[in-house]
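In: sequence and predicted structure below; questions after.
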Amino acid sequence: MDHAMIVGAALALCGLAAGYVMVPLALAFTEPRPALPHHRRLGLPLAAAIIGGGVALWGMWQDHSLLTVLFTALLGWQLLLIGFVDAENHWLPDMLTFPLGVTGIAASVLLPYPFGHGWMAAIVSGVVAFCLLWLLSFVYRKLRGQSGLGGGDPILFGMGAAWVGLADLMPVLLLSSVFAALAALALKLRGQQLGRHSQLPFGTYMAAAFAVMWLIG
């Protein structure tokens, strides 16, 4: 228990530090670059700290190895930054999504099963996921005459798939759609009008879905 508390406190502090680093990173991918309100500047560090501490508790509860806990915290921090940038800008920069794939391949090699499934499986999962979502986006655009997804969504889907594997691709898509539907409902309840040209940050919901599927294993 003492060891778990030390790990939790350390990860929470690391998350707090990582969150403060995320603020200028998030602004760097925003054009034009506005000054974030103070409460939103605090939001990223606090969220990152909560992720760090929460992952430590999850690892203790599930009796996972320290390496699994560390990789899970890293995944959470990466997804937090990606989700925040997409929510703010409706944009998924390659400089944020591609490193997610790199760390996913590393996790697939270094972590024990079921989290680690080998580098080849991670790469195949990523390629299949990218092609699947790109094809869905292409068909939608041909049928409806407009884009249903951003250009970065298939890339994020592919990079995240390196973490979770082929078996979780459909659950991630389903859960992402549920999160998007709930967000749209919340916006409508607040009086915001949504039409066929309204944009929702699907990458943000996909990031949350990847986190959920990873945690439930």
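Out: Good, I have the coordinates.

In: centre of the chain to the one helix or strand residue 140 maps to, how far?
Out: Assigned by DSSP states H and E, residue 140 belongs to helix 119-144. Relative to its parent chain, helix 119-144 has a centroid offset of 17 Å by Cα atoms, centre = their mean, to the nearest Å.

In: what's the answer for stretch 165-180, then?
Out: The answer for stretch 165-180 is 12 Å, by Cα atoms, centre = their mean.

In: got the contact list for that stretch?
Out: 108, 117, 121-122, 124-125, 128-129, 132-133, 157, 160-161, 164, 200, 202, 205-206, 208-210, 212-213 (Cβ atoms under 8 Å, 6 or more residues apart in numbering). Where you see a C-beta, it was placed from the backbone N, CA and C, and this is true even at glycine.

In: how about 10 Å then?
Out: By Cβ atoms under 10 Å, 6 or more residues apart in numbering, the list of residues contacting stretch 165-180 from outside reads 104, 108, 114-118, 121-122, 124-126, 128-129, 132-133, 136, 153, 157-158, 160-161, 164, 200-214, 216-217.

In: tell me which residues of that stretch come out buried.
Out: Neighbour-count burial for stretch 165-180 flags 165-166, 168-169, 172-173, 175-176, 179-180 (criterion: 16 or more other Cβ atoms under 10 Å).

In: now render those residues as TSV, adding distance to residue 81 and secondary structure.
Out: Output for these, formatted as TSV (distance: Cβ to Cβ, whole Å; DSSP: H, G, I helix; E, B strand; the rest coil):
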residue	distance to residue 81	secondary structure
165	23	coil
166	25	helix
168	21	helix
169	22	helix
172	18	helix
173	22	helix
175	20	helix
176	18	helix
179	18	helix
180	20	helix
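
In: let me know the closest of the residues you listed to residue 23.
Out: residue 179 (24.1 Å; Cβ to Cβ).

In: okay, buried residues for the helix or strand hosting residue 53 please.
Out: Using DSSP H and E, residue 53 falls within helix 38-62. Within helix 38-62, the residues that count as buried by 16+ other Cβ under 10 Å are 41, 43-45, 47-56, 58-60.
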